[in-house]
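K.L.:
let me see the structure of the following:
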Amino acid sequence: MRIAMISTPFIRMPPIGYGGTELFCYELAEELETRGHAVTVFTTGDSITSCHKRALYHRPVWPPTAADELNHVAWAFSEIARSHFDVVHLNSPLGVTLSAFVSVPIVYTLHHHREESFSRIFASHPQISYVAISQRQLDLEVPLLRARVIHHGVSPGRYPPSLHDHGYLAHIGRYCEEKGTHLALDVARLARMPIHLGGRTHPQDRAFFEEQIAPRLDLPGVVDHGEVDHEQKVRLLSGARALVCPLLWEEPFGLVAVEAMLSGTPVIGFARGSFPEIIDEGVTGFLVPPDDLEALAHIARSPELARFDRARCASHARDRFTTSVMTTAYESVYRRAARGGSAARARVA
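P.N.:
Numbers count the residues shown, from 1 in each chain. The predicted model follows:
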């Protein structure tokens with residue numbers, strides 16, 4: 001198939017540090033290309049890919065703005081309209097309305113939590129094939145006529161299993177309230193365990209960082225590595241006794257949790273968002289009722305976690321969350337969308 005993949009203009013493919021959507025686009029596009037599809041990615045000029053690459057912005061634009069995103073997506077659709085594709089895979093909500101200006105079938109992956117302004121737009125475009133990244137995300141979204149759930153996957157070879165930990169907790173990702181960065185530090189304190197952080201603070205979260213996170217960074221046993229690249233992230237995950245994720249929001253997926261599980265590292269956190277469906281209790285992690293920090297700390301320091309079967313965790317994650325599993329599911333969505341688009345064009349003709 002001839003597939004157009006529209007990523008974002010904010011982060012290159014593959015991302016060096018932060019970048020969940022861009023990592024998803026990279027993993028999926030590369031596997032599709034390996035399987036013989038002709039994939040064109042609309043991304044940043046500094047992206048590295050084996051696919052055909054098109055870029056409006058030679059370098060990522062940061063911080064993200066709606067104006068830059070709209071400019072990027074509008075340009076991508078103008079290029080698509082002059083080309084020949086069987087399907088377009090869109091990863092920007094701002095592009096949903098613009099998709100009406102091309103005759104190519106559209107598959108759109110929802111990467112974010114529900115926002116009413118976007119949900120109204122989704123509902124007004126029932127011709128699009130929507131993909132939610134968790135059942136919980138889909139349940140919270142406006143009813144969509146064409147929708148299914150496909151969990152994210154990554155290349156397992158990039159996450160070698162670690163059979164032994166180094167006795168510390170880890171928390172990796174964006175430093176902000178909804179990710180529970182401050183609570184992860186509190187869990188480590190309550191469990192009397194060291195904790196290693198890897199991530200950064202976005203501009204909108206700066207005030208929260210200064211008030212709630214910065215003071216905790218001076219506590220004993222806290223090591224802040226700042227934003228980490230892939231190799232640093234793998235080292236942190238491989239050596240951690242557990243990845244701590246005390247979420248304060250309905251996380252649509254949580255790709256770092258999958259990265260941890262593939263490394264053999266269990267995830268401990270609150271039973272919120274996608275976690276109850278992607279974490280298998282006792283096999284790839286442990287969940288507690290939301291906001292129960294004492295319960296999380298109890299798990300963190302428990303003998304059960306210290307003797308956790310990391311090999312079983314890594315093996316189980318490889319059965320569920322690989323690029324191959326994800327790509328096979330998306331191929332099915334693409335074929336169905338392409339058939340529907342061909343039928344619609346035939347009726348018009």
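K.L.:
where does the protein have low pLDDT?
P.N.:
341-349 (pLDDT under 70).
K.L.:
any idea how it splits into domains?
P.N.:
2-154+322-348, 156-320 (automatic domain parsing).
K.L.:
TSV for the ones you listed, including mean neighbour count?
P.N.:
Just so you know, the C-beta spots here come from the backbone N, C-alpha and C atoms, and that holds for glycine as well. Listed next are the domains of the chain as TSV, based on neighbours: other Cβ atoms under 10 Å:
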stretch	mean neighbour count
domain 2-154+322-348	18
domain 156-320	19
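K.L.:
would you mind measuring the gap between the ends of stretch 34-42?
P.N.:
Stretch 34-42 stretches 18 Å from its first residue to its last (Cα to Cα, to the nearest Å).
K.L.:
so how far is it off the chain centroid?
P.N.:
Per Cα atoms, centre = their mean, to the nearest Å, the displacement of stretch 34-42 from the mean C-alpha position of its chain is 20 Å.
K.L.:
and the contacts of it?
P.N.:
Residues from elsewhere that reach stretch 34-42 (Cβ atoms under 8 Å, 6 or more residues apart in numbering): 1-7, 13, 25, 29, 32-33, 47, 49-56, 72, 75-76, 79, 83, 85, 327, 331.
K.L.:
can you pull out the helices in this structure?
P.N.:
Assigned by DSSP state H, the helices in the chain fall at 20-34, 66-81, 95-98, 116-123, 135-140, 181-191, 206-208, 230-239, 255-262, 275-278, 293-300, 303-306, 310-320, 323-348.
K.L.:
who does the fourth one touch, helix- and strand-wise?
P.N.:
Counting by 3 or more Cβ pairs under 8 Å, 6 or more residues apart in numbering; DSSP states H and E, the packing neighbours recorded for helix 116-123 are helix 95-98.
K.L.:
just the CA coordinates for the helix it packs on, please, in PDB.
P.N.:
Output in PDB follows, covering the C-alpha atoms of helix 95-98 (Å, rounded to 0.1, in the frame of the first residue of the first chain):
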ATOM      1  CA  GLY A  95      -5.800  17.900  10.700                       C
ATOM      2  CA  VAL A  96      -9.200  16.200  11.000                       C
ATOM      3  CA  THR A  97     -11.100  19.200   9.500                       C
ATOM      4  CA  LEU A  98      -8.400  19.600   6.800                       C
END
